[in-house]
Structures are given as C-alpha cells and as structure tokens.
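Enquirer: Model the structure of this input:
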Amino acid sequence: MNNKKVRQLIQELFKISNQLEEELPGRGLMPAGQQLGNLGELLIADCFGLELTPPMQKAIDAHTADGTKVQIKTTTSRGVGIPLGHQRPADDIYLLAGLLNANGTCDVIFNGPMVLAWDIRQATPKSGGVAFVSKGPLERLAREIPPELQLKPIGVD
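Expert: Reported below is the predicted structural model:
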C-alpha cells in the first residue's frame, strides 16, 4: 500500500464531500459509519506504523511491531463520542481514538490502555448495550495518561 497516495486520496474524498455539502446543504454527504471508521483506521495505522488486521476482525484492528493489540475508533467534530463495545476489553488492548477532520486529516484524541476509557464509559440503554464514552471526558482522561502508557507514533522517540 502506498501510504502517501492513500492519505492524498482521503484528503481528496473529504474535499469532494465538502463541495457536495456546499451544493446540497443538509444531505449529510461526509463519510460516516463504517466508511469513516475504515478511513480513520488507515490514517492512524499509518501514523503509528501499525499492521492492520484483516477487515471485520472483532475487537482488534491492528498490532504494533511487537504484537501489542490495538483497537482504533474514529469520530468527527459532529460526533459526540466513541463506542467501546459490549464488554470490558482485555487489559492488554490499547485504544487509539481519532478525530477525523473535514480536510481528511486525523488527530489522535486518546492513546492508552482501552480499559481506562472503559472505566469512564456512560450508560447507553438505547444503544443495544454498546458502551460509549463522550469526547470531552475521553480527551480529559487522555491528558492524564503518562507517556510510558502511550503508543509512540513513528518518527517520535
């Protein structure tokens, strides 16, 4: 995979989506749902040098070079938070949560053990039992995670 080309294509997709939304206000033409999650996985995996698992793997999206398990979740500025799943994650799973920007770039808003995010989840009775964490509390928690508990982006020591 040509990572530079993929990043460029994602940015072009968002540029076109923004243009469509300008022409057709209120139609919701920005990437969403599974497509949004897949785009976020590609961008975050590239940033951290992760090996993506085959599509539709349950609970694990990628692995680091040393085999650390990683779950990647993506939201947008319009999203209110991150779904965490139906049950408490294993202690050895890391969560990288990204905010996918309207220009097709992605900012990591959480980087650390997924159980920490699980511990601040909200009750979501209408979501079929999927645990959920709001962006605000997740970002506050992220600021408290020491560097030694975070995954390192490639090119950062």
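Enquirer: and residue 17, what is it in contact with?
Expert: Residues in contact with residue 17, defined by Cβ atoms under 8 Å, 6 or more residues apart in numbering, are 29-31. Using the backbone N, CA and C atoms, a C-beta is placed for each residue, glycine as well.
Enquirer: From those, which one has the minimum pLDDT?
Expert: When the contacts of residue 17 are compared on pLDDT, residue 31 comes out lowest, with 78.
Enquirer: Nearest residue to that residue in space, please, no chain neighbours.
Expert: Distance criterion Cβ to Cβ, 6 or more residues apart in numbering; nearest residue to residue 31, sequence neighbours excluded, is residue 39 at 5.9 Å.
Enquirer: Check residue 60 too.
Expert: The shortest distance from residue 60 to any residue other than its chain neighbours is 4.9 Å, reached at residue 69 (Cβ to Cβ, 6+ apart).
Enquirer: Next up, the contacts around the residue of the chain most remote from its centre.
Expert: Centroid-distance maximum for the chain: residue 23 at 28.5 Å, with Cα atoms, centre = their mean. With contact set as Cβ under 8 Å, 6+ apart, residue 23 has no partners.
Enquirer: List phi and psi for it.
Expert: phi -80, psi -30 (degrees, to the nearest 10).
Enquirer: to the chain's geometric centre, what's the distance from stretch 53-71?
Expert: Centroid separation for stretch 53-71 versus its chain: 13 Å, with Cα atoms, centre = their mean, to the nearest Å.
Enquirer: again with stretch 108-115
Expert: Centroid separation for stretch 108-115 versus its chain: 9 Å, with Cα atoms, centre = their mean.
Enquirer: Please apply the same query to stretch 45-52.
Expert: 12 Å.
Enquirer: Can you dump the C-alpha atoms of that stretch in PDB for me?
Expert: The C-alpha coordinates for stretch 45-52 follow below in PDB (Å, rounded to 0.1, in the frame of the first residue of the first chain):
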ATOM      1  CA  ALA A  45      -2.300   2.900  11.400                       C
ATOM      2  CA  ASP A  46      -0.100   4.900   9.100                       C
ATOM      3  CA  CYS A  47       0.800   7.400  11.800                       C
ATOM      4  CA  PHE A  48       1.800   4.700  14.300                       C
ATOM      5  CA  GLY A  49       3.300   2.200  11.900                       C
ATOM      6  CA  LEU A  50       0.700  -0.400  12.800                       C
ATOM      7  CA  GLU A  51      -0.100  -3.600  10.900                       C
ATOM      8  CA  LEU A  52      -3.900  -3.700  10.200                       C
END
